[in-house]
Structure formats: structure tokens, C-alpha cells
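# Quick one: sequence and predicted model below, then my questions.
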Amino acid sequence: MSWTHVLPRVLRIAAGWIALSTALAADLWVVDPVGLTPAEQTLLASLQGQLNQTEARLWVRGRSAYARVLEELRNEGWTLKSASLWDVVAATQRIGSRFLTCDVRTESLNVATSLAGPRRALIADFSLRDRLTALGMVEHLDVRPLTEAEAWKEFRSEFRRELVVHQPVAKTLHLRDFAVAQSAYTFFDGSSASQIQRFQDSGPAARVFGWGRDEHEFVQDVSRGSGVVIPSDWALNLSALPHLTAPIPLRPQRPTPAPLQPGERVVAFVVTDGDNVQWLLNGFTDSPGFWGSPLRGNFAVTWELAPTLAELAPRVLAYLYRSATPQDDFVAGPSGVGYYFPSQSPIRTELAAKTARSLGPAQLQAVSLLNSGGGLEAANEVVQQPQVSGVLFKDYAPYHRYAGSVRWHAGKPIISYRFLLWEQKRSDGSLRPDWLPEGVAQAIAKLPAESTDRFSLVNVHAWSFRDSGGPMGAIRRTIDQLPPRTRVVTATEFLQLLPRGPAP
């Protein structure tokens, strides 16, 4: 073999080793946002978005999963350079050589956020303009006179397709680095008709990052606009996390469950809000009522999980699977590829296909689906996907509207929740007793232990029971009061044990 054939291969191998050694010895600026003014927070977010275009170069210090990822990087040999915002600005001013002037108290902040990515500019509140000019930077454009609607009309061609950020101007730091890095149009609110139109104009199956004022109205508008919501309004470092790849271990798998015994009841507990990316990155991993609970591993529990975590924060997903016990199970959070109401979406077949493609990287098979305005048939397109083993169905209000009903489609189950664990107040201010652990356990005991009546899917509200051990504490108290001959299983086992329906 001649050197003309060998040399290119040698060079490729050498380049690979150089790239690997560079990654292992990478530098990462780390800035603590505590004490920064809103104007400085916005400047930091835009600088982070610019620096993290192709690799992770700037990190904003945070708690929980953010702190864990930073410690992992330190242990892997990364050089973590703690610095102030202005240290980084001075060191990288060539990259951020121009800025957009806005007023962080008005919607001009969202206009500047929208344009910062495509214009390769930083975002500067008018109060910082003189300081940045003194550093040699140049004002590119003063966007204070522009509204969000005007920016959409005039600059739409510059924004990334199929991705939108919906963020109030009061959140000056969170999520804005991602918006800048992705050149995403950023706005907040407007009439329902105008919002739907913007989502539609962003392209089919647009992902809308952030959150709205009212959950139902917001998700409905996004759904009608052919989009999906990625709840992320309190997220940090989303411009850096996708670049910090890591091998995702296989999540624990339990053996095939033993066959049902006569008179045996089956119960599965599923914790809500796993679609909430910002929560998974913030308090979820450390909270004693959630993943950090000392009870975890003592009984079977299923967690909703956003499939997009494999793309947005692979190290966080890797940690969850690495630290999972055999008692921890996972299903895709509502409604798969993102949060949308299938009955409100004009492209639910396309979204079902996108959901199926998102499941593989996240090692998920079952999908939790949250719908409004339709019945179990709204999940038909999802269970038709070969990658999907079944759907756990809930209506928007109440989640258990269909009381354990099962629909079979394509040979797979679409099963509705039968009970809720939820601290729900009645009109007189008291809690609904039938939604508390004692009431749920009593209701399960009254069910006939035969056919599908023996199966109880229990939806555990993530934000209830905060003063009594969180969702994990509520599950423990319910299990302790269940009748004899009740088997507590994961959602995966629940679907495996469910009597087979009609053939496809």
C-alpha cells in the first residue's frame, strides 16, 4: 500500500486524537449570576449564546443538575475559569464587537434577543451602552422603537425555522442564551389569533421553548399553530448543554412480570410534569420529594421524562439512567416530542411520527399523552408507531376523566388514568379526600379484582404534597394502605400485564 493511500488515514486518525485531547483539556468560563443587574444578566445571556454557537465555552453557575454537570467536567479534566461577567466581556470583546441597544423593561428586549443571533451581536440595555462603547464595541442597532410584531414582520427571514422562544421580558437571564445561539424569534403573548399565526408561519411542528401565562390557552394556541411546547422558561445553559455530549447508559430493565394471580389487583404510580425541561434541570434531581427522595428504590414508581432531554442535556439524562434503581421506570412526558393537545393539532400524524423518532435516543417506549377536546381516539396515531408500546392517556381536566377506560388500536393499549394523587382544594378550601392517599387506597380496595377493573393507573401530581414528602411521600402513604393482594408495578409492567385487546 502506497503512502498516498495511507497518509490521509493517518492524518484523519491524528486529527481525531487532536480533537479528543482538545475536548478533554477544554476551557470553560464560569460566571456566577448572583448580584448581576437585569441589564447585566441580559448581556451575559447574549454573550453566552454567541460564545456557545459551536461548543461549550461559557457556563452560568446554577444548582442541582447544573452543579452536577460542572463537577463532572472538572473531574474529566476541564479547566473551569471562574470569572466575572466583565472579565469575560473584556477577554472576548472581539467576538462581541457590536451590540443591539434595548430597554430590558420593555418588549424591545425580546426584539434584541431575536436579532442578536442572526446579527452576531450582544444585547445591551441602554444603561450599558457607554461602558461597552468605551471597550471599543460598536452599536449595531437601537431596537427600542421596535415592537415584537414589527420585528417579526421585518426580519422574519433571518430567524431560524421551526423554533420559537416564548419568554416574558421579566426573565432577563433564563433561556435567552439558547434563543441567541439558535437565532430564534423571541416574543411573549399577543392575541390568540396572532400567536397561532406566528407558530404556523414558523414551520410545521415548530418547537416553542418557554411557557405562557395560562397553561391551557398557551398549549392550545401552540397546538392549533401546529407546534409543540418545550417547557423551559427557567432553564439555564441550554446553549452549552447540547455540546456536552456523554454516553447514555442503558436504563435499568426489570424482568418480565410474573403472571397475574386470581384476585390480584395491579397499581402503577406515574409522576407528572416530566415534559418540564427546566424542572428536570433545576430542582428535580436533588429534591427530597422527587429524584432525591430517600424512598426511591423502595417501591416501583414511573417518571414522565422529556425525550428531548437526549438532545438538549445528554449529561443530565445520562445521570438519571446511571443513578436509576430497578424500581424506577420512565415514560415519555406529554405528549411525546413536546407538549401539545392532539385533538387541537392539524398535524397530529406528523407529530406522532416525530414522537416515535424521539423515543429511541431516550430509550423510551411508552408515551404519556395529555389531551383537551377529544377522547382516547386522539392517541391512535401515536400507538400506530412501531416504536411505541402503549399510551397512558389523561384529559386536561380532570386527568382521570375516562376513569381507567382502555382503547385498543393497532394491537396496543391506550389506557386512561383511574385515580389522582393530588392536593386539590374544594370550594370551601378543604382538600378533596378522594384524591388523597387514604381516599385513593380505599377506592382501589373497592374495585372488583377481575378483568381490567383490577388495573389502576394513578397519576401523581408533581406539585402537591410539598409539606409531606412530595410525590414520593404520597405514593409511600398510599401503598401502605392498599388492600392485600395488590401488586405495585412500573408502567412498563402495567402495560405488559394488561389483558390483550382485539387483534390489529
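Yep, that arrived.

# OK, contacts around the spatially closest residue to Leu376 that is not a sequence neighbour?
Excluding its sequence neighbours, the residue lying closest to Leu376 (C-beta to C-beta, 6 or more residues apart in numbering) is Arg407, at 4.1 Å. (C-beta placed from N, C-alpha, C; glycine too.) Counting by C-beta atoms under 8 Å, 6 or more residues apart in numbering, Arg407 touches 376-377, 379, 413-415.

# what does Leu241 give?
By C-beta under 8 Å, 6+ apart, the neighbours of Leu241 are 56, 69, 281, 312-316.

# try 7 Å
With contacts defined as C-beta atoms under 7 Å, 6 or more residues apart in numbering, Leu241 is in contact with 312-313.

# pLDDT score assigned to it?
Note for Leu241: predicted pLDDT of 98.

# cool, the one 10 residues further on as well?
Per-residue confidence at Arg251 stands at 94 (pLDDT).

# which residue packs closest to it, ignoring adjacent ones?
Tyr321 (4.2 Å).

# cool, Thr256 as well?
Gln496 (6.6 Å).

# looking at this, the one you found is in a helix?
Yes. With DSSP: H, G, I helix; E, B strand; the rest coil as the criterion, Gln496 is assigned to a helix.

# Show me what counts as buried in stretch 105-117.
Neighbour counts over stretch 105-117 (16 or more other C-beta atoms under 10 Å) mark 107-117 as buried.

# what does stretch 247-259 give?
248, 251.

# Same question for stretch 171-182.
For stretch 171-182, the buried set under the neighbour-count rule, 16+ other C-beta under 10 Å, comprises 171-182.

# With stretch 444-459 instead?
By 16+ other C-beta under 10 Å, the buried positions in stretch 444-459 come out as 444, 447, 449, 454-459.

# Checking Val267 next. Helix, strand or coil?
The assignment at Val267 comes out as strand when based on three-state DSSP.

# which element is the closest residue to it other than its chain neighbours on?
The shortest distance from Val267 to any residue other than its chain neighbours is 4.8 Å, reached at Ser456 (C-beta to C-beta, 6+ apart). Element membership for Ser456, per DSSP states H and E: strand 455-460.

# rewinding a little: now the contacts of Arg407 as a markdown table including distance to Val138?
Output for those, formatted as a markdown table (distance: C-beta to C-beta, whole Å):
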| residue | distance to Val138 |
| --- | --- |
| Leu376 | 59 |
| Glu377 | 58 |
| Ala379 | 54 |
| Pro413 | 61 |
| Ile414 | 58 |
| Ile415 | 60 |
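
# The strand or helix carrying the residue nearest to Arg251: how far from the chain's middle?
Assigned by DSSP H and E, Tyr321 belongs to helix 314-323. Here helix 314-323 shows a centroid-to-chain-centroid distance of 14 Å under the convention C-alpha atoms, centre = their mean, to the nearest Å.

# Could you dump the contacts of Arg407 into a markdown table and include pLDDT, distance to Leu100 and neighbour count?
Output for the contacts of Arg407, formatted as a markdown table (pLDDT from 0 to 100; distance: C-beta to C-beta, whole Å; neighbours: other C-beta atoms under 10 Å):
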| residue | pLDDT | distance to Leu100 | neighbour count |
| --- | --- | --- | --- |
| Leu376 | 98 | 49 | 21 |
| Glu377 | 98 | 48 | 13 |
| Ala379 | 98 | 44 | 31 |
| Pro413 | 97 | 52 | 25 |
| Ile414 | 98 | 48 | 26 |
| Ile415 | 98 | 51 | 27 |
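
# which one of those residues is nearest Thr42?
For those, the residue nearest Thr42 by C-beta to C-beta is Ala379; the value is 41.3 Å.

# before we move on, what SS does that closest one have?
Secondary structure for Ala379, judged by three-state DSSP, is helix.

# My read is that it contacts Leu369, right?
Yes. Assessed by C-beta atoms under 7 Å, Ala379 is found in contact with Leu369 at 5.1 Å.

# residues bridging contact with these two, i.e. touching both?
When contacts are counted by C-beta under 7 Å, 6+ apart, Ala379 and Leu369 are jointly contacted by 342, 391, 393.

# among these, who's most crowded?
Counting neighbours by other C-beta atoms under 10 Å, Phe393 leads the shared contacts of Ala379 and Leu369 with 30 neighbours.

# okay, now the closest residue in space to it that isn't next to it in sequence: neighbour count?
Nearest non-adjacent residue to Phe393, counting by C-beta to C-beta, 6+ apart: Ser416, 4.6 Å away. Close neighbours of Ser416, defined as other C-beta under 10 Å, add up to 24.

# confidence score at Pro504?
For Pro504, the pLDDT comes out at 56.

# hang on, the earlier thing: export the shared contacts of Ala379 and Leu369 as TSV, with columns for secondary structure and pLDDT.
Shown next, in TSV, are those (DSSP: H, G, I helix; E, B strand; the rest coil; pLDDT from 0 to 100):
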residue	secondary structure	pLDDT
Pro342	helix	98
Val391	strand	98
Phe393	strand	98
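
# from these, which is closest to Ala240?
Of all the shared contacts of Ala379 and Leu369, Ala240 sits closest to Pro342, with 33.0 Å by C-beta to C-beta.

# residue contacts, that closest one?
Taking C-beta under 7 Å, 6+ apart, one finds 335, 348, 369, 371, 374, 378-379 in contact with Pro342.

# if we go to 10 Å?
Counting by C-beta atoms under 10 Å, 6 or more residues apart in numbering, Pro342 makes contact with 223, 335-336, 348-349, 351-352, 369-374, 377-382, 393.

# again, but for Asn298
Taking C-beta under 10 Å, 6+ apart as the test, what Asn298 contacts is 325, 327, 472, 475-476, 479.

# Over to Asp467?
If you count contacts by C-beta under 10 Å, 6+ apart, then Asp467 has 289, 423, 473 around it.

# how much space between the residue nearest to Leu376 and Leu364?
As for Arg407, its distance to Leu364 is 21 Å (criterion: C-beta to C-beta, to the nearest Å).

# Quick check: end-to-end length of stretch 378-388?
The straight-line separation of the ends of stretch 378-388 (C-alpha to C-alpha, to the nearest Å) is 15 Å.

# Please identify the helix or strand for the closest residue to Leu146 other than its chain neighbours.
Computed as C-beta to C-beta, 6+ apart, the closest residue to Leu146 that is not its neighbour in sequence is Val111, at 4.8 Å. Element membership for Val111 (DSSP H and E) is helix 108-119.

# Extract the CA atoms of the helix or strand following that helix and return them as CSV.
Using DSSP H and E, the helix or strand that follows helix 108-119 towards the C-terminus is strand 122-125. What follows is strand 122-125, C-alpha atoms only, in CSV (Å, rounded to 0.1, in the frame of the first residue of the first chain):
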residue,chain,number,x,y,z
LEU,A,122,-24.6,41.3,22.1
ILE,A,123,-27.7,42.7,23.8
ALA,A,124,-27.1,45.9,25.7
ASP,A,125,-29.6,47.7,27.9
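
# Now do strand 122-125, average pLDDT.
On average, strand 122-125 scores 98.

# Pop out the phi and psi values for the closest residue to Gly360 other than its chain neighbours.
Leaving aside its chain neighbours, Gly360 sits nearest to Gln387 (6.5 Å; criterion: C-beta to C-beta, 6+ apart). The phi and psi values for Gln387, taken as degrees, to the nearest 10, are phi -80, psi -10.

# count of residues packed around Gln387?
15.
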